[in-house]
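Trainee: Turn this into a model:
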Amino acid sequence: MIQLKVKEFVNSKKKIYVYGTGKRGRGVRAYIKHYLREIDGWLVSDGRKTADVIDGVPVYECSSLQCNEEDGVIIGVSKEFYEDVVEQILANSSIKNVCFTDREYDLGRAIYYLEKNN
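Mentor: You can find the predicted model right below:
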């Protein structure tokens, strides 16, 4: 079910960024690259950028990313970091389209945060 959600999300967006460069983020990127296409960039929290490029894909700090309505961000971090990620996304008013990959996360709560602050 999560795979179908990710496929639909990726196919509906012009550019795709994966938030997180750790094990889960790299797994999300591998899945997207294998089944769909290459991602357009990695997204990391402000102050956490350790490289300009990872595996041939550019890395952006959240506050520097300029998205439009056709772009999307897929969250590729462990659920214990979701609250911090939502805060980072809220601080960047250009990020409007977000896809979470953990079925255990309360999506209603995340959507509430995003809608409330956008």
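Trainee: Would you confirm that residue 101 contacts residue 76?
Mentor: Yes. The pair residue 101 and residue 76 qualifies as a contact (C-beta atoms under 8 Å) at a distance of 6.3 Å. In short, each C-beta sits where N, CA and C put it, glycine included.
Trainee: Common neighbours of those two, please.
Mentor: 24, 28 (C-beta atoms under 8 Å, 6 or more residues apart in numbering).
Trainee: Neighbour count for the two, which is higher?
Mentor: When neighbours are counted by other C-beta atoms under 10 Å, residue 101 and residue 76 differ, and residue 76 comes out ahead with 28 against 23.
Trainee: any idea how far residue 29 is from that one?
Mentor: Here the criterion is C-beta to C-beta, to the nearest Å. By it, residue 76 lies 7 Å from residue 29.
Trainee: And residue 82, by the same measure?
Mentor: Going from residue 82 to residue 29 by C-beta to C-beta gives 18 Å.
Trainee: So which of these two has more stuff around it?
Mentor: Neighbour totals were compared for residue 82 and residue 29, and residue 29 leads with 23 against 19 (other C-beta under 10 Å).
Trainee: hmm, back to that, any shared contact partners between residue 76 and residue 29?
Mentor: Common neighbours of residue 76 and residue 29 are listed as residue 18 (criterion: C-beta under 8 Å, 6+ apart).
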